[in-house]
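Undergrad: Need a 3D model of the following:
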Amino acid sequence: MQQEKIVFLDRDGVINFDHGDYTFRQDQFTLLPEVLKFAQMAYSRHYRIVVITNQGGIAKGLYTWNDVHQLHAHMKDLFIENGTPLLDIFVSPDHDVVCNSISRKPEPLMIQRALYLYAATPEKCFMVGDKESDVACAKWAGIRGVQIQRNSSLMQVADLLV
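TA: Reported below is the predicted structural model:
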């Protein structure tokens, strides 16, 4: 079996504009510039894309799993239309103010699941996030973590796609 190369991407602030509040409706969701260009470059270099996202608003009762599934279906469609389908999306619905969780970033469980499920080699993978917890999650999962400024261009890390 060929081992996968995966780029793990945080969602809010990396893929879509993070306006500082929870994004859970399609009318709130705006792709950041050059996200699809980055995805095309990753795909052309045989990387697959996996989204790793904390969605603590579910635990807080601010929105539902159904809201998240509908938004993610829309996001998947945008990537598919670009010719770069997402391999998977891993979601932690938990929040520290409601419960303790081993799935919520910075815990590495979501990345570890993807590495196992898709037979990916950690040395061939990396995570891009906009928070220290994203980088810590990657480190604890045994992959490289890169922090970019919230709502900035993914193209600044395109040189990692080797």
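Undergrad: what separates Val35 from Ile49, distance-wise?
TA: Distance from Val35 to Ile49, counting by CB to CB, to the nearest Å: 10 Å. (C-beta placed from N, C-alpha, C; glycine too.)
Undergrad: what's the answer for Thr64, then?
TA: Distance from Thr64 to Ile49, by CB to CB: 25 Å.
Undergrad: in which helix or strand would I find Val98?
TA: Using DSSP states H and E, Val98 is not contained in any helix or strand.
Undergrad: burial count for the closest residue in space to Val98 that isn't next to it in sequence?
TA: Using CB to CB, 6 or more residues apart in numbering and skipping the chain neighbours, the partner closest in space to Val98 is Ala59 (4.1 Å). Under the neighbour criterion other CB atoms under 10 Å, Ala59 is assigned a count of 18.
Undergrad: Let me see the contact set for the closest residue to Phe29 other than its chain neighbours.
TA: Spatial nearest neighbour of Phe29, chain neighbours left out: Asn16 (5.3 Å); criterion: CB to CB, 6+ apart. Counting by CB atoms under 8 Å, 6 or more residues apart in numbering, Asn16 makes contact with 23, 29-32, 35, 75.
Undergrad: Is there a quick ChimeraX command that grabs whichever of those residues are buried?
TA: To isolate the buried members of those in ChimeraX, using 16 or more other CB atoms under 10 Å:
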select :23,29,32,35,75
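Undergrad: Would you format the contacts of Asn16 as JSON lines with pLDDT, distance to Val146 and secondary structure included?
TA: JSON lines is the format used below for the contacts of Asn16 (pLDDT from 0 to 100; distance: CB to CB, whole Å; DSSP: H, G, I helix; E, B strand; the rest coil):
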{"residue": "Thr23", "pLDDT": "96", "distance to Val146": "22", "secondary structure": "coil"}
{"residue": "Phe29", "pLDDT": "97", "distance to Val146": "23", "secondary structure": "coil"}
{"residue": "Thr30", "pLDDT": "97", "distance to Val146": "22", "secondary structure": "coil"}
{"residue": "Leu31", "pLDDT": "97", "distance to Val146": "19", "secondary structure": "strand"}
{"residue": "Leu32", "pLDDT": "97", "distance to Val146": "16", "secondary structure": "coil"}
{"residue": "Val35", "pLDDT": "98", "distance to Val146": "15", "secondary structure": "helix"}
{"residue": "Met75", "pLDDT": "98", "distance to Val146": "21", "secondary structure": "helix"}
